[in-house]
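[1] sequence and predicted model, in that order:
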Amino acid sequence: MGREIQRDYGQQTQIVMTTPLLVGLDGAEKMSKSKGNYIGVTEPPEVMFCKVMQINDELMFSYYELLTDMSVPDIGRMKARIGSGELPPMKAKIDLAKRIVMDFHSDAEACAAEEEFTRVVRQGGAPSDIETVPLPEDARVDGFIAIDKLLARIGLAESVSDAGRKRKAGAVVIDGQKQLEPKYPLRPGAVHTIQVGKKWRRVAV
């Protein structure tokens, strides 16, 4: 959606169309892959949906204007409804995310992405597509699982020391329980669900 500007050059007038700046997810700089504040058009529906949900409420209106076919008057009315408390900002942002996802994927995939976001982010559930990996042999220690070593081996921490910092900070959750201790009971045949921040793994013992 461009904006028309007239520029006078002596006896000639030039019409110039300007393209509004699309601000990235950080709400500060132009959307750019190099800055990591972008939404990739080939990203999976659930990733795209979650990225849209990261933007702040004010930026949401700009995205509606630049990335959807909703008219400016309709966007204004929506903004007024949010301002009056009639429309929750979260609902408006979810509708925006679905519109954007539908432009690059199917309607069904957009609805599935919304359901996944609601279950995982809003209700705190586990994602449906968690990767399952075997327990690394060097993470087995005297009938226990060495948590820090495990996290480093399966990609949930950059190193063993980084894993230890995350665990002590309360960022490690195993089978729904926060794990502060360095060891976890080893149960042959069990499959443990592990979460560190927004990353998940299932570990088959």
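    Sure thing, it's come through.

[2] quick one: the helices in this protein, in order.
    45-53, 57-67, 72-84, 89-104, 107-117, 147-153, 160-168 (DSSP state H).

[3] looking at those helices, which is nearest to residue 174?
    helix 147-153 (7.7 Å; CB to CB). For glycine as for every other residue, the C-beta is placed from the backbone atoms N, C-alpha and C.

[4] and the closest one, what does it pack against?
    When contacts are defined as 3 or more CB pairs under 8 Å, 6 or more residues apart in numbering; DSSP states H and E, helix 147-153 sits against helix 160-168, strand 172-174, strand 191-196.

[5] just put these in CSV and tack on mean neighbour count and distance to residue 34.
    Formatted as CSV, these follow (neighbours: other CB atoms under 10 Å; distance: least, CB to CB, whole Å):
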stretch, mean neighbour count, distance to residue 34
helix 160-168, 17, 25
strand 172-174, 20, 32
strand 191-196, 18, 27
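
[6] for the ones you listed, which one sits closest to residue 21?
    Taking the helices and strands packed on helix 147-153 one by one with CB to CB, strand 191-196 is closest: 35.4 Å.

[7] ok so, going back, adding distance to residue 134 and mean pLDDT, write the helices and strands packed on helix 147-153 out as CSV.
    Formatted as CSV, these follow (distance: least, CB to CB, whole Å; pLDDT from 0 to 100):
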stretch, distance to residue 134, mean pLDDT
helix 160-168, 18, 95
strand 172-174, 16, 89
strand 191-196, 10, 88
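
[8] residue 55 is nearest to which of the ones you listed?
    strand 191-196 (24.1 Å).

[9] partners of that closest one in the sheet?
    Pairing partners of strand 191-196, with direction, according to DSSP bridges: strand 172-174 (antiparallel), strand 199-204 (antiparallel).

[10] now do the contacts for residue 188.
    residue 205 (CB atoms under 8 Å, 6 or more residues apart in numbering).

[11] likewise for residue 170?
    Counting by CB under 8 Å, 6+ apart, residue 170 has contacts 178, 180.

[12] for it, give its distance to residue 180.
    Taking CB to CB, to the nearest Å as the measure, residue 170 falls 7 Å from residue 180.

[13] break the chain into its domains for me.
    Here the domain parsing of the chain from automatic domain parsing is 3-122, 132-204.

[14] could you tell me the least trusted of the ones you listed?
    Mean pLDDT per stretch puts domain 3-122 lowest among the domains of the chain, at a mean of 84.

[15] now for the strands paired with strand 191-196, which one comes closest to residue 102?
    strand 199-204 (26.2 Å).

[16] for the closest one, buried residues please.
    200-201, 203 (16 or more other CB atoms under 10 Å).

[17] cool, stretch 176-185 as well?
    So, applying 16+ other CB under 10 Å, buried residues of stretch 176-185: 179, 182, 184.

[18] quick check, central residue of this structure?
    For the chain, the residue nearest the mean C-alpha position is residue 50 (3.4 Å; CA atoms, centre = their mean).

[19] quick check, it in contact with residue 117.
    Yes: counting by CB atoms under 8 Å, residue 50 does reach residue 117; the two are 6.0 Å apart.
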